[in-house]
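*Asks:* need coordinates for the following:
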Amino acid sequence: MSVFGKADLARLRSFYPGQPGLLNHRLVGHELLTLEALVELGRQMPPASVEYNAGDLPIGVDPGAIGATGLSIEETIRGIEECGSWMVLKHVEQVPAYAALLEAVLGEIAPVVEPATGEMLTHQGFIFVSSPGAVTPFHMDPEHNILLQIRGRKTMNIFPGDASVVPDELHEAYHAGSHRNLPWRDDFAELGVGFELAPGDAVHVPVKRPHWVRNGPEPSISFSITWRSHWSYQEADARGMNRLIRKWGLQPAAPAPFPRANAGKAYAYRAIRKARTLGRTA
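*Replies:* Okay, here's the model as predicted:
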């Protein structure tokens, strides 16, 4: 059985890669995406691949202010209705059954994606388990992303990715290792679009588009399928080069938006990074 129908692939083609948009999918009830299956998945995941967070977070939050919940993976998942948490199982492709599921879903959308942005690179999957009302704070991610809602409801609020919301310096810091969370201002609220997700719904989140999420009144399971493109890697490396240029006292231009390439700065930054690595190992 296919996960996306022909109409959904046509919709994806209409807004990929630059715009967010809704799709439908057929993964609701999949045996690998039940709470019991995720308890077992959690047991197989290395600790570094599991992130826990309190659910009662503000939209904008300093990552240093987020403390541990004190719960284990199993306690969080089994008690998700009452524990007031959200968690993410990262890089689920480390487990063969989930790698196969991820590849099957990405394979369906490849005929839409690859003509637009080229080869799908760095396939990764993330599964979110959230308590009622939990908030995932305002942040951005470097991947092309489709989030599939499996259980429960949530609202994905997606914002413009321009410098009025995320200044160039924050993009550059992010690619130098800063946390994904972003500063929030209340006047941003009118700029966002809220996508209401129920089981069987999915939303495309373009590369590095800021977003925050509020869970509905019941526990939620979401499956995020992600990939990178040569363009997304060039954008990241161009940001790295801009960070160096800014340190030299200059004001660099932001990377060009898709589909224009950022090859010059990207290759320069990669050469500098390679030289530094060779210097450290010499």
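*Asks:* which stretches in the stretch 151-282 of the chain count as strands?
*Replies:* Using DSSP state E, counting those that start in this stretch, the strands found in the stretch 151-282 of the chain span residues 154-158, 193-197, 201-205, 211-215, 220-228.
*Asks:* indicate which one of the ones you listed is closest to residue 11.
*Replies:* With C-beta to C-beta as the measure, strand 201-205 is the member of the strands of the stretch 151-282 of the chain nearest residue 11 (9.0 Å). C-beta: built from backbone N, CA, C; applies to glycine.
*Asks:* measure residue 242 to residue 262 for me?
*Replies:* 10 Å (C-beta to C-beta, to the nearest Å).
*Asks:* what residues are shared contacts of these two?
*Replies:* Shared contacts of residue 242 and residue 262 (C-beta atoms under 8 Å, 6 or more residues apart in numbering): residue 255.
*Asks:* now do the helices in the chain.
*Replies:* Taking DSSP state H, the helices of the chain run over residues 6-15, 35-44, 73-78, 96-117, 168-175, 230-247, 263-281.
*Asks:* those into JSON lines, with extra columns for distance to residue 154 and mean neighbour count?
*Replies:* Shown next, in JSON lines, are the helices of the chain (distance: least, C-beta to C-beta, whole Å; neighbours: other C-beta atoms under 10 Å):
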{"stretch": "helix 6-15", "distance to residue 154": "19", "mean neighbour count": "14"}
{"stretch": "helix 35-44", "distance to residue 154": "16", "mean neighbour count": "16"}
{"stretch": "helix 73-78", "distance to residue 154": "17", "mean neighbour count": "18"}
{"stretch": "helix 96-117", "distance to residue 154": "19", "mean neighbour count": "16"}
{"stretch": "helix 168-175", "distance to residue 154": "24", "mean neighbour count": "19"}
{"stretch": "helix 230-247", "distance to residue 154": "25", "mean neighbour count": "20"}
{"stretch": "helix 263-281", "distance to residue 154": "35", "mean neighbour count": "13"}
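*Asks:* where among those is average confidence lowest?
*Replies:* Ranked by mean pLDDT, those bottom out at helix 73-78, with a mean of 83.
*Asks:* show me the residue at the heart of this structure, geometrically.
*Replies:* residue 141 (4.5 Å; C-alpha atoms, centre = their mean).
*Asks:* next one: the nearest residue to residue 137 once chain neighbours are set aside from residue 138, what distance?
*Replies:* Spatial nearest neighbour of residue 137, excluding adjacent residues (C-beta to C-beta, 6 or more residues apart in numbering): residue 61 at 4.7 Å. In this view, residue 61 and residue 138 are 8 Å apart by C-beta to C-beta.
*Asks:* need the overlap of contacts for the two.
*Replies:* Shared contacts of residue 61 and residue 138, counting by C-beta under 8 Å, 6+ apart, come down to residue 181.
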